[in-house]
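Novice: Give me a model of this one.
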Amino acid sequence: MKRRIQELAAAFALLTRLPVGLFLPAGTAVNYGDCVWAYPVVGLKVGILGGIVFWLAARFGMPPALAAGWTLAALVLITGGLHEDGLADTADGFGGGRGRERKLEIMRDSRIGSYGAIALILSLGLRGAAIASMAGPGAVLVALIVAGMLGRAAMIGILLVLQPARADGLAVSLGRVPVGPAATGLAIVVLAAVGLLTFSMASTGVALALTGVAAMAWLARQQVGGYTGDVLGATEIVVECLVLTVLAS
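Specialist: Model (predicted):
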């Protein structure tokens, strides 16, 4: 049980800015590949917090569009913009570089280019519009939970089908992801989707997430020969956009 708690805390430390020091003391040795089962749990927590923010904004009388904006601001604050940064870097690298090494070099550059800026604007706009168009706080809460969980599960999919594109960095630190923890994480998100949505909507959401994983895996293999931390973040955002879109439609 102690190891599972540490793995859960490590997943939160990796994917959010939420304080987990009490459960993950400095110097604790954790295999980050074993922590992937907890990625959807992180998505669950982040989705709940986002839903609470939307509910509070609605209680204060904010119109849906403004409430959606503040909800996105809270989500970015909670995650430290980690996935958005990955999306921007991936868009800049894939769109602006020629050759594998140049693309990887651009992705490590902290500066944002036109492709990255456009990707960020589109992703925030799509998510904000989807949230604002939903029926109310309850629907937003469910949608943020499901989209957040499927987005983090999508990263597990990338880890299973691709190899690291670099010999160093976050991707390498994850090591080879064990099948057991990966299968556990995927099972958690499927059960959550079926429990929170109708079977038809859950099936559609899972199918869209698989489509997003397949598309991003193919693109990453073609562009840089594997995955990086930025590719993982970009995949999470792409799948969130797809799932929120279908849940709002």
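Novice: so Ala117 makes contact with Ala88?
Specialist: Yes. If you go by CB atoms under 8 Å, Ala117 and Ala88 touch, sitting 7.2 Å apart. From N, CA and C alone the C-beta is placed, and that goes for glycine too.
Novice: which one of these two has more residues nearby?
Specialist: Ala88 (26 against 13; other CB atoms under 10 Å).
Novice: The more buried one is in what secondary structure piece?
Specialist: According to DSSP states H and E, Ala88 maps onto helix 82-96.
Novice: next structured bit after that helix?
Specialist: Following helix 82-96 in sequence, per DSSP H and E, is helix 100-108.
Novice: May I have the phi/psi pair for the residue located most distally from the centre of the chain?
Specialist: Residue farthest from the centre of the chain, counting by CA atoms, centre = their mean, is Gly61 at 29.5 Å. Reported as degrees, to the nearest 10, the phi and psi values for Gly61 are phi 90, psi 10.
Novice: For Ala67, see how far away it is.
Specialist: 9 Å (CB to CB, to the nearest Å).
Novice: now Ile78
Specialist: Distance from Ile78 to Ala67, by CB to CB: 16 Å.
Novice: can I have stretch 136-150 written out in PDB, keeping just the CAs?
Specialist: The C-alpha trace of stretch 136-150 is given here as PDB (Å, rounded to 0.1, in the frame of the first residue of the first chain):
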ATOM      1  CA  GLY A 136     -24.500  23.300 -16.500                       C
ATOM      2  CA  PRO A 137     -22.000  22.700 -13.800                       C
ATOM      3  CA  GLY A 138     -22.900  19.000 -13.400                       C
ATOM      4  CA  ALA A 139     -22.300  18.300 -17.100                       C
ATOM      5  CA  VAL A 140     -19.100  20.300 -17.000                       C
ATOM      6  CA  LEU A 141     -17.900  18.300 -14.000                       C
ATOM      7  CA  VAL A 142     -18.500  15.000 -15.700                       C
ATOM      8  CA  ALA A 143     -17.000  16.100 -19.000                       C
ATOM      9  CA  LEU A 144     -13.800  17.500 -17.300                       C
ATOM     10  CA  ILE A 145     -13.300  14.300 -15.400                       C
ATOM     11  CA  VAL A 146     -13.800  12.000 -18.400                       C
ATOM     12  CA  ALA A 147     -11.700  14.200 -20.700                       C
ATOM     13  CA  GLY A 148      -9.000  14.600 -18.100                       C
ATOM     14  CA  MET A 149      -8.800  10.800 -17.500                       C
ATOM     15  CA  LEU A 150      -8.800   9.900 -21.200                       C
END
